[in-house]
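Q: Provided below are the primary sequence and the corresponding predicted coordinates.
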Amino acid sequence: MVKVLNIEKQNCEKLLGQFVDESNFDTVITEDTDLYALDQFSDENGEHNVIFKFRKNVFSDEEQLGAYEGLMPAAVPTQNRGLAAGPRAESQGQRDYISPLQEAIIDGILKAPESSLDPDFDAIDNAITVHRAGAESRGKVWLREAIKKTGIDYKAFFDTWLEGIRPLSVAERKEETKEMMKTYISDTSYANAVNSGIAGWFDRYPRIPYGRATSYTEHNPELFAKSYPYLQTLANKFEELLPQRYAKQKAFTDAMDPAFVVPGTPYTTITVNKTFRTAAHRDAGDYTEGFSNITCVSRDGKKHWDGCLFVLPEFNIAVELHPGDLLLVNNHEGMHGNTQIIGDDVERISLVAYAREKM
């Protein structure tokens with residue numbers, strides 16, 4: 001028996017780029033369920049307002065093992081996941097991010113008027129007062145080696161420098177700030193590093209004006225092929241549960257060179273995330289008229305973690321996705337992210353199969 005829910009969509013834009021937690025849902029889905037957004041123009045549910053269809057125990061143990069062996073190695077450290085990677089950390093590996101507050105202070109100094117009607121106005125204090133921490137997923141970093149040469153610990157460097165320029169005039173502060181930025185801040189912007197990769201085929205771009213195999217697929221075609229039975233079962237379930245969406249996506253991939261499509265499926269691309277807690281985001285790049293297909297696998301087909309619920313905060317709903325389960329979800333209409341993954345030596349491989357719109 002399939003549970004059917006109709007829920008009104010709420011505005012949660014402020015959560016984009018932020019990690020979700022238990023405060024962002026009040027219901028956890030653990031059984032076969034269909035979720036539909038309340039439609040003000042129709043009382044009937046259909047593929048026009050479906051948000052997700054969740055089904056338990058869809059894949060065999062053999063299919064799951066093939067997907068694990070064929071796709072898990074595609075997940076490698078990357079900084080190319082944007083909002084999904086979450087708010088940037090203060091420090092990560094060998095990089096120390098410029099904090100949002102430090103950015104606000106620097107910006108305030110550079111934009112400060114050189115004369116003010118308020119004799120007590122100070123650009124530094126004003127920036128600190130009005131600052132509101134954002135959900136930046138990328139940011140510039142301090143040049144650690146350059147700071148080391150000053151003899152000041154990098155964690156204390158900015159505050160020490162800031163106190164040193166406070167007595168200066170507005171014009172002098174600006175010059176000192178420009179010099180500091182040139183000497184101690186990298187020109188390159190970085191994001192949080194996560195274990196994520198892409199199997200299958202990807203869009204053309206200026207230097208290669210046609211679709212091409214991802215690096216993983218190009219170098220591991222036989223390994224990637226181990227996942228085909230799993231992806232074909234996934235496609236069959238997609239066709240059964242959402243025939244209209246499936247038909248549109250299948251027509252889209254049928255128009256392509258079959259060399260760029262997983263055989264027997266309407267998928268060109270699989271995003272592979274390894275033990276990666278995504279922040280609230282919406283997907284982009286996949287075929288708009290189709291649908292995202294989300295599953296997860298583990299090394300032995302069993303769940304070895306707690307948490308990592310798939311949360312749709314706009315609907316106040318979370319889904320507990322186990323190895324073997326299938327979640328067909330409208331990742332354009334539904335903002336989504338995961339709660340914290342809990343456990344020791346956890347390896348959770350989530351898979352998102354879709355068709356790239358610009359292939």
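A: That came in fine, so what should we check first? Owing to the predicted nature of the structure, the values given are computational and were not obtained by experimental measurement.
Q: quick check: the closest residue in space to Asp32 that isn't next to it in sequence vs Leu309, distance?
A: Here the nearest residue to Asp32 in space, its sequence neighbours aside, is Val2; by CB to CB, 6 or more residues apart in numbering that works out to 4.7 Å. For the C-beta atoms, the positions are set from N, CA and C on the backbone; glycine is no exception. Note on Val2: its distance to Leu309, by CB to CB, to the nearest Å, is 20 Å.
Q: the two: who's more crowded?
A: Set side by side, Val2 and Leu309 show unequal neighbour counts under other CB atoms under 10 Å, the larger going to Leu309 at 22 against 11.
Q: for the more buried one, which non-adjacent residue is spatially closest?
A: The spatially closest residue to Leu309, leaving aside those adjacent along the chain, is Ala318, at 4.1 Å (CB to CB, 6+ apart).
Q: tell me the bridge partners for that neighbour.
A: Beta-bridge partners of Ala318, counted by DSSP bridges, are Val28, Val311.
Q: what about it, neighbour count?
A: For Ala318, which is what you asked about, the neighbour count (other CB under 10 Å) is 23.
Q: tell me the contacts of the residue nearest to Asp32?
A: By CB atoms under 8 Å, 6 or more residues apart in numbering, the residues touching Val2 are 32-34.
Q: mind listing the strands for the stretch 251-359 of the chain?
A: Remark: strands of the stretch 251-359 of the chain, listed N- to C-terminal, are 269-274, 292-297, 306-307, 310-312, 317-319, 326-329, 337-338, 341-342, 349-354; assignment by DSSP state E, counting those that start in this stretch.
Q: deepest-packed of those, please.
A: strand 310-312 (a mean of 27; mean count of other CB atoms under 10 Å).
Q: show me what that strand is packed against.
A: Contact analysis of strand 310-312 by 3 or more CB pairs under 8 Å, 6 or more residues apart in numbering; DSSP states H and E lists strand 317-319, strand 326-329, strand 337-338 as its packing neighbours.
Q: show me the contact partners of that strand.
A: 20, 24-25, 35, 51-52, 280, 294, 317-321, 327, 329, 334-339.
Q: again, only this time at 10 Å
A: Contacts with strand 310-312, where a contact means CB atoms under 10 Å, 6 or more residues apart in numbering, come from 7, 9, 12, 15, 19-22, 24-25, 28-29, 35, 51-52, 54, 278, 280, 294, 296, 317-321, 327, 329-331, 333-339, 350.
Q: if we can go back for a sec, would you mind giving the strands of the stretch 251-359 of the chain as a markdown table with mean pLDDT added?
A: Conversion of the strands of the stretch 251-359 of the chain to a markdown table gives the following (pLDDT from 0 to 100):
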| stretch | mean pLDDT |
| --- | --- |
| strand 269-274 | 92 |
| strand 292-297 | 94 |
| strand 306-307 | 92 |
| strand 310-312 | 96 |
| strand 317-319 | 97 |
| strand 326-329 | 96 |
| strand 337-338 | 92 |
| strand 341-342 | 90 |
| strand 349-354 | 94 |
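Q: can you list the residue ranges for helices in the chain?
A: 61-71, 100-111, 123-130, 144-148, 154-165, 170-184, 215-219, 221-225, 228-241, 243-254 (DSSP state H).
Q: and those helices as CSV, adding distance to Gly285?
A: CSV is the format used below for the helices of the chain (distance: least, CB to CB, whole Å):
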stretch, distance to Gly285
helix 61-71, 18
helix 100-111, 27
helix 123-130, 36
helix 144-148, 34
helix 154-165, 37
helix 170-184, 33
helix 215-219, 17
helix 221-225, 20
helix 228-241, 18
helix 243-254, 14
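Q: of all those helices, which one is nearest Asn273?
A: Among the helices of the chain, the nearest to Asn273 by CB to CB is helix 61-71 (10.3 Å).
Q: how big is the angle separating that closest one from helix 228-241?
A: 110 degrees (axes from the mean of the first three to the mean of the last three CA atoms, to 10 degrees).
Q: compute the inter-axis angle for helix 61-71 and strand 349-354.
A: When the same axes, to 10 degrees is applied, the directions of helix 61-71 and strand 349-354 differ by 90 degrees.
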